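Enquirer: Build the 3D model from these lines:
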Amino acid sequence: MKDLSNQQQAIELLQQLGLKEYEAGCFVALARLPKGTAKEISETSDVPRTRVYDAIRVLETKGLVEIQHSNPQQFRAVPIEEAAETLRQEYETRTDTLVEAMDNIEPAIPDGDEEITHEVWALSGTTAITNRTQQLIDAAGREIILIVGRDEVIDDGLVEQLQEALDTGLDVLVGTQTEELREQIAKALPDAEVFVSGLEWLHSSPLEANDDTTISRLLLIDKNTILVSSVHETDTGGIETEKAVFGRGFDNGIVVIARRLMATGLLPADDPDMLADK
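Expert: Numbering: from 1, shown residues only. Predicted coordinates:
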């Protein structure tokens, strides 16, 4: 049952990466065989034999299958690591082409010269929120303040990005919920200001005893751009989809509120102007 589940999962993932159902089925079948004829592939994959040849032809074109022109013909899959790299490169090429095409599309309504600063936008999904976090950090010009509510937010990619920001002369302040995480980040980013935050409300609401919502990350860029994400913890200890709100502009209400909340209890009392409005 587990093998069947893994096989079906592999086929579904290959389809998500651009292969059609029969192509994915044939590739997975060949990955289970040292080599195979069209008849053997069909028997292993349940792909109709009449459709195997068309699927194999596509897989060969993509560099995923090798052919031995014997009688009958024999086929074998390339090593899985090689196949994964080939698919990755094709996927990246497609996304690069998409970005180029989208950039060249004429806007239906020309953008105004003035940025609207009172709007707040919502994002869902950890991947999307992580990508937006990275984008905002890349765009920082002076200061990055990141308050970590969940340890999972900190990964090697984020640490590397923050180090790059430090190398360019930006101020980087990172707040954690535990001393243990503070020590880990301080070791990885010795030039950053790393501290244990005093924001207890990141993990619970003082007004709602049964509130299982945790602030996952709170990011303030140059005092005028804010991203706040949260997760809801389930009874089994897992989390539901991460959600975030994002706002830009020094006079944006959510930015003002977040900036002032972050100024309370984050840094030592002898440095009260670190986050003060300017």
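Enquirer: what about this protein, any weak spots by pLDDT?
Expert: 1-4, 109-118, 198-212, 233-240, 250-278 (pLDDT under 70).
Enquirer: which residues in it form helices?
Expert: Residue ranges of the helices in the chain, as given by DSSP state H, are 2-16, 21-31, 38-45, 49-61, 80-103, 126-139, 156-167, 179-188, 253-262.
Enquirer: Output the shortest one in CSV with nothing but the alpha carbons.
Expert: Backbone C-alpha positions of helix 38-45 (Å, rounded to 0.1, in the frame of the first residue of the first chain) are rendered in CSV as follows:
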residue,chain,number,x,y,z
ALA,A,38,6.7,-1.2,-24.4
LYS,A,39,4.9,-4.3,-23.3
GLU,A,40,6.7,-4.4,-19.9
ILE,A,41,6.1,-0.7,-19.4
SER,A,42,2.4,-1.1,-20.1
GLU,A,43,2.1,-4.0,-17.7
THR,A,44,3.9,-2.1,-14.9
SER,A,45,2.2,1.2,-15.4
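Enquirer: Pull the distance from it to the chain's centre.
Expert: 37 Å (CA atoms, centre = their mean, to the nearest Å).
Enquirer: For the residue located most distally from the centre of the chain, give its distance to residue 88.
Expert: For the chain, the residue at maximal distance from the C-alpha centroid (CA atoms, centre = their mean) is residue 71, at 47.7 Å. Going from residue 71 to residue 88 by CB to CB, to the nearest Å gives 35 Å. Quick note: C-beta positions are derived from backbone N, CA and C, even for glycine.
Enquirer: same deal with residue 122?
Expert: Taking CB to CB, one finds residue 122 at 30 Å from residue 88.
Enquirer: More neighbours: which of those two?
Expert: Between residue 122 and residue 88, counting by other CB atoms under 10 Å, residue 88 is the more crowded of the two (11 against 8).
Enquirer: Run through the residues that contact that one.
Expert: Contact analysis of residue 88 by CB atoms under 8 Å, 6 or more residues apart in numbering lists nothing.
Enquirer: Alright, calling it a day.
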